[in-house]
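Student: coordinates only, sequence not included:
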C-alpha cells in the first residue's frame, strides 16, 4: 500500500478482553485468549499501514480495569493513531464508566 494516496482507516470492534466464551454464540471465532487474537490483529493492521484505527466498543468483557488495561497495552502496539469508543461491555451494571475513562481518557 505504500504510495497509495487514499486515506485508509482500519476498524476493530468487540475485542472482549477477559471473555471466557470461546466458541460461544456471541463470537464463534473467539479463541480462549482474546489478547492473543488482538495482538495478531494489531500485527495485521500494522502491515496494512492505515492512517487511523477506530476501535468500536466492547474492548473488555466485564468493564474490569484489569481487562481494559490489558487491552490498551496490546493496542499500544498499533503504529497508526487510534481512537476508541465505549461499548456496553465497558460500562458496569451500575453504569460506572470510571475504569474505561481512566484507561482511555
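Tutor: Arrived safely, thanks for sending. Predicted model only: the values in this text are computed from it and were never measured.

Student: all strands for this protein, in order.
Tutor: Applying DSSP state E to the chain gives strands spanning 9-13, 52-56, 82-85.

Student: Tabulate the ones you listed (JSON lines), appending mean pLDDT.
Tutor: What follows is the strands of the chain, written out as JSON lines (pLDDT from 0 to 100):
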{"stretch": "strand 9-13", "mean pLDDT": "95"}
{"stretch": "strand 52-56", "mean pLDDT": "97"}
{"stretch": "strand 82-85", "mean pLDDT": "97"}
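
Student: Now do the same contact list for residue 98.
Tutor: Neighbouring residues of residue 98 by Cβ atoms under 8 Å, 6 or more residues apart in numbering: there are none. Every residue, glycine included, has its C-beta placed from N, CA and C.

Student: mind checking pLDDT for residue 26?
Tutor: Residue 26 carries a pLDDT value of 57.

Student: Same check on the one 5 residues further on?
Tutor: At residue 31 the predicted local distance difference test score is 62.

Student: ok so, going back, could I get the strands of the chain as TSV with distance to residue 102 and mean neighbour count?
Tutor: Output for the strands of the chain, formatted as TSV (distance: least, Cβ to Cβ, whole Å; neighbours: other Cβ atoms under 10 Å):
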stretch	distance to residue 102	mean neighbour count
strand 9-13	21	15
strand 52-56	17	18
strand 82-85	13	16
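
Student: need those in a markdown table with distance to residue 39, can you?
Tutor: Output for the strands of the chain, formatted as a markdown table (distance: least, Cβ to Cβ, whole Å):
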| stretch | distance to residue 39 |
| --- | --- |
| strand 9-13 | 12 |
| strand 52-56 | 14 |
| strand 82-85 | 14 |
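
Student: between these, which gets nearest to residue 63?
Tutor: strand 82-85 (13.5 Å; Cβ to Cβ).

Student: hmm, who's touching the closest one?
Tutor: 52-57, 59, 75, 104.

Student: Paired strands for that strand, with orientation please.
Tutor: strand 52-56 (parallel) (DSSP bridges).

Student: Now tell me what touches the partner strand from outside.
Tutor: 7-15, 45, 75, 78, 80-85, 87.

Student: 10 Å - rerun?
Tutor: 7-15, 38, 42, 45-46, 71-72, 75, 78-87, 104 (Cβ atoms under 10 Å, 6 or more residues apart in numbering).
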